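Participant: Sequence first, predicted coordinates after that:
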Amino acid sequence: MPDNQSAAHILAEKIDREGPISLSDYMGVANAAYYAAKDPIGEDGDFVTAPEVSQMFGELVGIWLSDLWLRKGSPAHVHYVELGPGRGTLAADALRSMEKFGCKPQIHFVETSPLLKAKQTALHDSAAWHESIDSLPTDAPLMVVANEFFDALPVEQFVSTEDGWRRHMVARDRNKFVAVPGMHAIETPVSKSSAGLPLGTILESSPASVQILGDLSHRIAKQGGAALIIDYGYDRPGTGSTLQAVKDHMPISPFDSPGTSDLTAHVDFHSLSNIAKTRLLSVHGPAEQGQWLKALGIDHRAKKLAEAVPKQAESIRAAHHRLTHVDEMGRLFRVMAATSMDWPEPEGFVYGEN
Ligand code: SAH
């Protein structure tokens, strides 16, 4: 298992051996080492995720899934699948809510970090773990949840130069890693609409995300079910790099000490939506997280929780604010659902006035 030092070491050796490597190779090695070495989630870690802010988040995800399942006629045999479940908190809150509606799916976690797997085991001893979506069961509908999973998957970048489009590569400059345009021009990475873009324009894409959601959508179309994707990202095609690194809740350069910071990119919901549609799923949203949570009743849930535990009323109010307010996680985070044609229309995707 690579430790932090060895992520930089592995990358340096690879570059010395092969020459500059693609950004996605760099990000893949760095993040695998990062998640293998530590639990980065929480106030003491590098970043805080919505399920760690409050139990309300996972509960509402569970209610959303239960509602779909009930309206589908409560199929006895279904699978709860979570991609990158972190500490297992979201699954614990969601499955507790689902049980109240009589929904007791089999639990499947897709997780590559041995350290986080161990944390998840402590809360979910009956779950089955998968290294990738390929080994997920094929015998029943899949209810899939992915919160802050797709942002961790590797991206590629293409930069417009005087000599045409070049892939962004990662090279070494003495002891540092640096991004450089690739040696050779490549075919225009996206459609003809990229033809007139100014020199220096960066286009970003995540082939790994498209591959995973494409395969998963194919499964859902065949087996039935739904996928709920929640992440920070954008709805329309855009330009520019969104690659970022976070350590101790602070941004740092993505090229400083790979393997010790969380490398992410904003999720391209436009591409994810398109790939799910081409696999014949029905796509809903993306909606803003704040609006989606409000449509599902977070205001009411916060009020009830505060009444039940008056001592925690202030922290419940703060968590509600953090999850829903447009200046916090309420707008940057998006919620998108993709459902099989034979499953009902999901709740929560109503758009109010902004
Ligand atoms: N969903 C959790 C954790 C988000 S952090 C939460 O909301 O708190 C990202 C998670 O994805 C971690 O569990 C990490 O180990 C996992 N992960 C990252 N890359 C992965 C990959 N390629 N395959 C499977 N899991 C991955």
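Facilitator: Right, received. Where do you want to start?

Participant: residues in contact with the nearest residue to E156 once chain neighbours are set aside?
Facilitator: Nearest residue to E156, sequence neighbours excluded (CB to CB, 6 or more residues apart in numbering): S24, at 5.0 Å. All C-beta spots, glycine's among them, are computed from the backbone N, C-alpha and C. With contact set as CB atoms under 8 Å, 6 or more residues apart in numbering, S24 has these partners: 154-156, 206-208.

Participant: Name the member of those that has the highest neighbour count.
Facilitator: When neighbours are taken as other CB atoms under 10 Å, the top entry among the contacts of S24 is V155 (25 neighbours).

Participant: Surely it touches P254?
Facilitator: No - with contacts counted by CB atoms under 8 Å, V155 stays clear of P254, the gap being 10.5 Å.

Participant: Give the residues shared as contacts by these two.
Facilitator: 27, 243.

Participant: separation between the residue nearest to P346 when sequence neighbours are not counted and the ligand?
Facilitator: Spatially, and ignoring its direct neighbours in sequence, P346 is nearest to A337 (4.8 Å; CB to CB, 6+ apart). Noted for A337: a distance of 16 Å to the ligand, by CB to the nearest ligand atom, to the nearest Å.

Participant: follow-up on the earlier one: how much space is there between the residue nearest to E156 and the ligand?
Facilitator: S24 sits at a distance of 11 Å from the ligand (criterion: CB to the nearest ligand atom).

Participant: coming back round to it: count the residues that sit near the residue nearest to P346.
Facilitator: Residue neighbour count, defined by other CB under 10 Å, stands at 27 for A337.

Participant: Identify the residues contacting it.
Facilitator: Going by CB under 8 Å, 6+ apart, A337 touches 226-229, 283-285, 346, 348-349.

Participant: is it in a bridge, and if so with what?
Facilitator: Taking DSSP bridges, one obtains L228, H284 as the residues bridged to A337.

Participant: Would you check how far apart it and A227 are?
Facilitator: Applying CB to CB, to the nearest Å, the value for A337 to A227 is 7 Å.

Participant: same thing with Q291?
Facilitator: Taken as CB to CB, the span from Q291 to A227 is 19 Å.

Participant: S257 should be in a helix, yeah?
Facilitator: No - secondary structure assignment (DSSP: H, G, I helix; E, B strand; the rest coil) places S257 in coil, not in a helix.

Participant: Now do the contacts for the closest residue to it other than its chain neighbours.
Facilitator: The shortest distance from S257 to any non-neighbouring residue, by CB to CB, 6+ apart, is to A8 (6.3 Å). A8 makes contact with 177, 257-259, according to CB under 8 Å, 6+ apart.

Participant: Quick one: name the residues of the stretch 51-200 of the chain near the ligand.
Facilitator: Contact residues (CB under 6 Å from any ligand atom) of the stretch 51-200 of the chain with the ligand: 51-52, 84-86, 90, 110-113, 116, 147-149, 152-153.

Participant: try it again with 5 Å
Facilitator: Within the stretch 51-200 of the chain, the positions adjacent to the ligand are 51, 84, 86, 112-113, 116, 147-149, 152 by CB under 5 Å from any ligand atom.

Participant: Give me the buried entries from the residues you listed.
Facilitator: 51, 84, 86, 113, 116, 147-149, 152 (16 or more other CB atoms under 10 Å).

Participant: Between which two of those is the distance greatest?
Facilitator: P51 and S113 (16.5 Å; CB to CB).

Participant: Of the residues of the stretch 51-200 of the chain next to the ligand, which pair is most distant in space?
Facilitator: Within those, P51 and T112 form the most distant pair, 19.0 Å apart (CB to CB).

Participant: Might you list the low-confidence residue ranges for the stretch 101-250 of the chain?
Facilitator: 188-195 (pLDDT under 70).

Participant: which residues of it fall in strands?
Facilitator: Using DSSP state E, counting those that start in this stretch, the strands of the stretch 101-250 of the chain run over 106-110, 128-130, 142-147, 156-161, 164-173, 176-181, 202-205, 225-234, 244-247, 250-252.

Participant: gap between the second one and the chain center?
Facilitator: Right, strand 128-130. 18 Å (CA atoms, centre = their mean, to the nearest Å).

Participant: Okay, now the sheet partners of that strand, with direction.
Facilitator: Strand 128-130 pairs in its sheet with strand 106-110 (parallel), by DSSP bridges.

Participant: Put the alpha carbons of the partner strand into CSV.
Facilitator: The C-alpha coordinates for strand 106-110 follow below in CSV (Å, rounded to 0.1, in the frame of the first residue of the first chain):
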residue,chain,number,x,y,z
GLN,A,106,-29.0,-5.6,0.5
ILE,A,107,-26.1,-3.3,0.9
HIS,A,108,-23.2,-2.9,-1.5
PHE,A,109,-20.3,-0.5,-1.2
VAL,A,110,-18.0,0.4,-4.0
